[in-house]
Structure formats: structure tokens, C-alpha cells
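Novice: Based on what follows, work out the 3D shape:
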Amino acid sequence: MTPREVLKKYWNYDDFRPGQAEIINAVMEGRDTLALLPTGGGKSICFQVPALAKEGVTIVVSPLIALMKDQVRQLKDRGVVADAVYSGMRRQDIDRIFDNAVYGNTKLLYMSPERLLTDLARVRIAKMNLALIAVDEAHCISQWGYDFRPPYMQIAELRELHPQVPVIAVTATATPEVVEDIQASLEFKPNRFVLQQSFGRDNLGYVVRVPESKDKQILEILKGVPGTSIIYVRSRGLTRQIALRLQRQGIAAASYHAGLDPKEKDRRQEAWIKGELRVIVATNAFGMGIDKPDVRSVIHYGPPDSPEAYFQEAGRGGRDGKMSFGIMLYHPFDGERLRKNWALSYPEISEVKRAYRALGSYLQLAIGGGEGESYDFDLVAFSNNFGFDVREAYSSMKALERAGLILLTEAIHQPARLQFIATKEQLYTFQIKHREMDKLIKTILRTSHGAFLNPVRVEEGELANFLGIELENLHRTFRKLAGEGIIDYFPQKDLPQVVFLTPRIDPDHVRIDEKQYRFLRERAFERIETMVNYAEHSGDFCRSRTLLKYFGEPALADCGICDNCRKRKTSVNPPLTPKKLYGDILTRLQEGDLTLEDASKAYGAVRQKTTAEAIQHLINEGLIVQDGRNLRLP
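Specialist: Predicted coordinates:
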């Protein structure tokens, strides 16, 4: 099938969004490709469509387990054979998934970066009929990026196994330094293709408010801006508190955070997408991979710790092209909070080493052991056992992660599973002796096909309700059956996991690259100061233009719709004289060619028609030349 036929068959879209066709065509031609598309620009389509149009398997590298699971589920719902390998999975399950990718009909195989280059993965990937390597959230590959992940730097080693296979890297946020880093680290070939759409959004107005009461301000915003909203907050507790306050005001709202049961998260997300909930109050666990076009306001209860995070989250508003608002609520204390959190995020190196020593003791892991293994990790219990402040312990784990020693995953929900390991004859004999377990065993066999061949998922809550017993009694029964050698039982888990990327070394020999550590620390502080300055300074700068400048994108004019531009109405929208328009456009063209679309939007949506007329006049007078969709000087 052609890419367009794939798009129609699996997504029922008649055409691609701007930029997608060019990106997909480059991939289909076998060119290494970097796609920089704004939030909501359809990045996943750019690698999923060619994956289905090409023969063979596409490996998708993604750092977020929840996002991988969500994308795999969506693909399966569309009839695509997809699967994922990530930390915390059983060896048998990984074997089965790899076998399907080598010998079966798997089309997309999602993998977390730390799982890519294990000995097991390398052997199996070498045998695959690999069509494409896709790198999602590609900014994670760069130390200049806001979410640097050391395992990303090893992705290029895949190219040694399949030298002719092209790579596509996609991201929504990248500064010029990160753009260069991505291409260098992934060893892009000379015929590379890079497409960077403008991050500018003519229909998204950025606003900062410094209210006496943030809660009252939220009510005023929701009253003044009809439609669906996301409210981002910094803690799980706040999601519940704010959602409850909104409910008391008659607003359909719900909280959303990583600690919710997966089924409940899905239920709330679906209700919000369908419009049954007007407001979702969430931590930053919410939003990735969700394509809801009609979000009219994205409210931040306080500033995030980087422009990248803010730009991506605020950008979830107005994907349908209609006017929407990204509104930040700010109190001077918020700046101090960010700086304090920054200090806690980079503890003394001696504390980081102490945490590494304690981690080995906590997991009872011998020197030289653990490489590639995953371990459940209860951060609170760890901190209490070894006398760490919880926040500092978490930051030490992240420092060890940045040093390439471990990986700390987000909390992973793994439902309970079981497999019958007794023969059918042995099971029958057991049922005769233990009549009280007969109904349980028959129910599992009736509702879970293949339980003698592979571990099957068990919805323990539903099963306990059906049997009319307490959940804890069901757990005890499963443990007893496992002890009798009737089943293998794998209880439900909801903990984060620690993955050792290297064998555990003697804590006295741990080496943290102090130069890199200081560099990352300083970069993080710069991002925080950028956010504080953005929030605290108002009046004489365009917020959209400021954000675009951070990402290395020059804007010819103010947006005209942010709060600062609106305050300067008398100067923002004066009548544009032809002389000024012509001069500005000619000056810009002296710096390089300009696309017709970018030029017509140069003065924002409110002046697009006037600017387009000026461009046409310059063309008619022979002062500029239109070459296809590009403008240039004669």
C-alpha cells in the first residue's frame, strides 16, 4: 500500500497534515529524517504510516512506558500488530515478543532505550527484517535537552546491525543545539532530510496572571473562556483538591495522575475526550499521545521548570485551529519554589554515591551483579530505611540515571497473571481433594484461554466479586495454589522500577562526571530562570515571540493576541503603512529565502490579510520573486 492508502485504511483520513507528507516521503526514500513538529502536529503518524507501508518491522524507541502502552493499544484497536518491550517484563514475555518480531507478523515494536542493547535484544534485532528505526521524544538524546536520557546516546549502535535501515527522529521541542545533537548522535547520513515547522501558533494566546487567589482566578477563566480545559498542577494532592472545588461550583471536573488505577485513568480520560467532563486537573502525567482538538484553555497552576515543558503542555490547546489560551497563574513564591526544587534536584555528589551504596543494600545486590535486571523500587521505604529525605533520594536516583548507571522508570501497572503448571490430570486430582477451590479454578479456565500455555491476565477485583469473597482471601488462595505447585502466580504491581544499566560496582569506585554534572545543573537553572523571567516580566515583550526565540525561531512581529500585546493595543495594531511593511519584508529576505506561508503570517493572524496584500504588491513591482512556495530577492 502507498502511505496515503495506509492513512485512509487505518486512520480514515483523506489527507496528511502540513509537513507530514514530506516527512513520510523522505522516510520512504530511505533518508534519515528529523521531524520537528509542534505539539499536536501529528508526529506519531510520521513513523507509523511508513512502518505500515514498508515491508518488515519498525522499532520505535520511546522513554515513556505509559506512552508506549497507550500507542500500542491504539494501534491494536486499528488492527495493527504492535507490541512493546520495557523494563520489568518477564524474560518469557520478552522472548515471545521478540520471536513474533523475528518470525511473526509484528509491524511496530516499541522498546525502551535501556532494553535496546541487551545481549538478548541485539541477537534478536539482528535477525529481524528491519524496515525503520523511529526515535520518539528525540530531544532526550541531547545533554542540551531538557530531558536528557543517557541510554538514548547508544541508539546509533543499532545501525551497526542494520546499516542500510533509515532512522526517523521526532520531537516537539528542540533548541538549535539539540537539533544538531540529534543528527550527530544518531549518525545521520549526508542525504538527510530535516523538516522544522514553525512552532508559532496564531490561534494560541499566552497569558500570565498574578492573582491574589489562584482558585478564584481559575473560576473566572472558566467563566470567560467556554469549552474544555486542562489544569496542570505540581502534585497529586492538588489535582484532587482543585477538582473537588470545581465540582462544588457545579463544574464537571476530575483529577488525573499516575497513581490512579489504570482503568480509572482510562475512564476519566475517555469522559474528558467525549466532553462528559469539562475540566481535567492533572499532573504532567496527562496529555502525551492524546489528540483532543477542541481544548480551549490550558491553565498552569504554577510555572513548570522549563520552557520546553510549558510549550508542550500549553500547546495542547487549540489543535482545531480555533482561538485558545495558555494561561499561567503565578505567585512570587513560585519562583522560589522552582529554585528550591532545583537545589534539591542536584544533591552533593557524596550524597549521590551514598544513595548508590544504599541502593545495593536495599536490593541485596552483590558487586558485579544486576546488569540489565529490573527491581521493584519503593522510594519512600528506601528513604525511611536509609535516612534520606524523599526528594533528595529521588534526585540522587536521577543523578545516577544521568550518569548512565541505573534507570528509574515511572510507576508501572502490571495486572496479576497466572499460569497452570500442573498437568490437567494433576489439576483434576487437586480439584477432587479441594472442593472449595473447584469454582475458582473452573471460572479461571472458562474465562482465560491458554492458561496452561502462557501466563494469562486475571482481573482479581472482578473475580473476587463474582465469587463473593474478599480480595485478600483471593490473594491467599492464589499463594496457596502456587505453593502446591498448581500455578505460577504473579501478583499485581504498581511500583516504579530500578534497572541497572551496568553491573553493580563497588560504591567506593563510583565515578560521577563532575564536569557533566555541573553542566546539567547549570542548564537546569537557566531553564528555571527563563520561566521565572517569563512569568515576572510583563508589558513590553510579546510572549509568543519570546518563546519562539528560545527555540531559535525568529519571529518578524509580535503575535497581537498574548496578554502583553493586548495591553499595548495602541501600539500593537496601528495602521500598517506600506512603506514599513515593504521595508520589513525586504530586510527579512536579505537574510535568506522565506516561504509564502511564513511571510503572510509574519505579523500574526490579526494582520495576515494586510501582509499578504503587501507581498503581492512587491511581487507585482518586481521587487521580490515568487519561486514555487518560496519568496526571494531577484
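
Novice: Check which element follows the helix or strand of the chain with the lowest mean pLDDT along the chain.
Specialist: Every helix and strand of the chain was ranked by mean pLDDT, DSSP states H and E. The lowest is helix 569-572, at a mean of 52. For helix 569-572, the following helix or strand on the C-terminal side (DSSP states H and E) is helix 578-590.

Novice: quick one: average pLDDT of the helix or strand following that following helix?
Specialist: The helix or strand immediately downstream of helix 578-590 is strand 594-595, counting by DSSP H and E. Averaged over strand 594-595, pLDDT sits at 74.

Novice: same thing with stretch 84-98?
Specialist: Model confidence over stretch 84-98, given as mean pLDDT, is 86.

Novice: just stretch 266-280 next, same as before
Specialist: Rounded mean pLDDT across stretch 266-280 is 92.

Novice: so how far does it reach from one end to the other?
Specialist: Chord length of stretch 266-280, first to last residue, is 12 Å (CA to CA, to the nearest Å).

Novice: Please list the residues outside it that contact it.
Specialist: 222, 227-231, 243, 246, 251-256, 260, 286, 290, 292 (CB atoms under 8 Å, 6 or more residues apart in numbering). C-beta here means a position set from N, CA and C on the backbone, and glycine is covered the same way.

Novice: Return the set of buried residues in it.
Specialist: Neighbour-count burial for stretch 266-280, counted by 16 or more other CB atoms under 10 Å, picks out R268, Q269, W272, L277, R278, V279, I280.

Novice: so which helix or strand takes in the last one?
Specialist: By that I understand I280. Counting by DSSP H and E, I280 is part of strand 279-282.

Novice: and that strand, which strands flank it?
Specialist: Applying DSSP bridges, strand 279-282 is found paired with strand 228-232 (parallel), strand 253-256 (parallel).

Novice: Report the buried members of the contacts of stretch 266-280.
Specialist: Applying 16+ other CB under 10 Å to the contacts of stretch 266-280 flags 222, 228-231, 243, 246, 251, 253-256, 260, 286, 292 as buried.

Novice: quick check: longest helix of this structure.
Specialist: helix 514-536 (DSSP state H).

Novice: Next one, pLDDT for E462 please.
Specialist: 85.

Novice: residues near M1, how many?
Specialist: 12 (other CB atoms under 10 Å).

Novice: cool, and the one 3 residues further on?
Specialist: The number of residues packed around R4, counting by other CB under 10 Å, is 16.

Novice: you'd agree it is in a helix?
Specialist: Yes: under DSSP: H, G, I helix; E, B strand; the rest coil, R4 falls within a helix.

Novice: So for stretch 33-46, mean pLDDT?
Specialist: The average pLDDT within stretch 33-46 is 86.

Novice: what about that stretch, distance to the chain center?
Specialist: 13 Å (CA atoms, centre = their mean, to the nearest Å).

Novice: got it, and stretch 531-538?
Specialist: 26 Å.

Novice: Which residue ranges of the stretch 201-350 of the chain form helices?
Specialist: Taking DSSP state H, counting those that start in this stretch to define them, one finds helices in the stretch 201-350 of the chain at 214-224, 236-248, 262-273, 307-314, 332-345, 349-363.

Novice: Can you point out the buried residues in stretch 87-102?
Specialist: For stretch 87-102, by 16+ other CB under 10 Å, it's S87, G88, M89, I94, I97, F98, A101, V102.

Novice: mind putting the residues you listed in a markdown table, secondary structure included?
Specialist: Shown next, in a markdown table, are those (three-state DSSP):
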| residue | secondary structure |
| --- | --- |
| S87 | coil |
| G88 | coil |
| M89 | coil |
| I94 | helix |
| I97 | helix |
| F98 | helix |
| A101 | helix |
| V102 | helix |
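
Novice: how about the nearest residue to G19, chain neighbours excluded?
Specialist: Q197 (5.1 Å; CB to CB, 6 or more residues apart in numbering).

Novice: residues contacting that neighbour?
Specialist: P18, G19, L36, L37, P38, G41.

Novice: ok, and the closest non-adjacent residue to the first one?
Specialist: Taking CB to CB, 6+ apart, and ignoring the residues beside it in sequence, P18 has Q197 as its nearest neighbour in space, at 7.1 Å.

Novice: Over to the third one?
Specialist: What sits nearest to L36 in space, not counting adjacent residues and going by CB to CB, 6+ apart, is Q196, at 4.1 Å.

Novice: With L238 as the reference, measure out to the one you found.
Specialist: 35 Å (CB to CB, to the nearest Å).

Novice: pLDDT of stretch 155-173, averaged?
Specialist: Taken as a whole, stretch 155-173 has a mean pLDDT of 93.

Novice: Going forward, the N-terminal residue is numbered 57.
Specialist: Renumbered: residue one is now 57, and that last one reads stretch 211-229.

Novice: now the end-to-end length of that stretch.
Specialist: Using CA to CA, the two ends of stretch 211-229 sit 20 Å apart.

Novice: Equivalent analysis for stretch 510-523, please.
Specialist: 24 Å.

Novice: Check which residues of that stretch are buried.
Specialist: P511, V512, V514, E516, L519, A520.

Novice: Just give me the neighbour total for the residue nearest to V266 when sequence neighbours are not counted.
Specialist: Of all residues not flanking V266 in the chain, Y386 sits nearest, at 5.2 Å (CB to CB, 6+ apart). By the criterion of other CB under 10 Å, Y386 has 22 neighbours.

Novice: so who does Y386 touch?
Specialist: Taking CB under 8 Å, 6+ apart as the test, what Y386 contacts is V264, R265, V266, G358, P359, A591, E592.

Novice: Now the buried members of those.
Specialist: Buried among the contacts of Y386 (16+ other CB under 10 Å): V264, R265, G358, P359, A591.

Novice: I appreciate the help and will end here.
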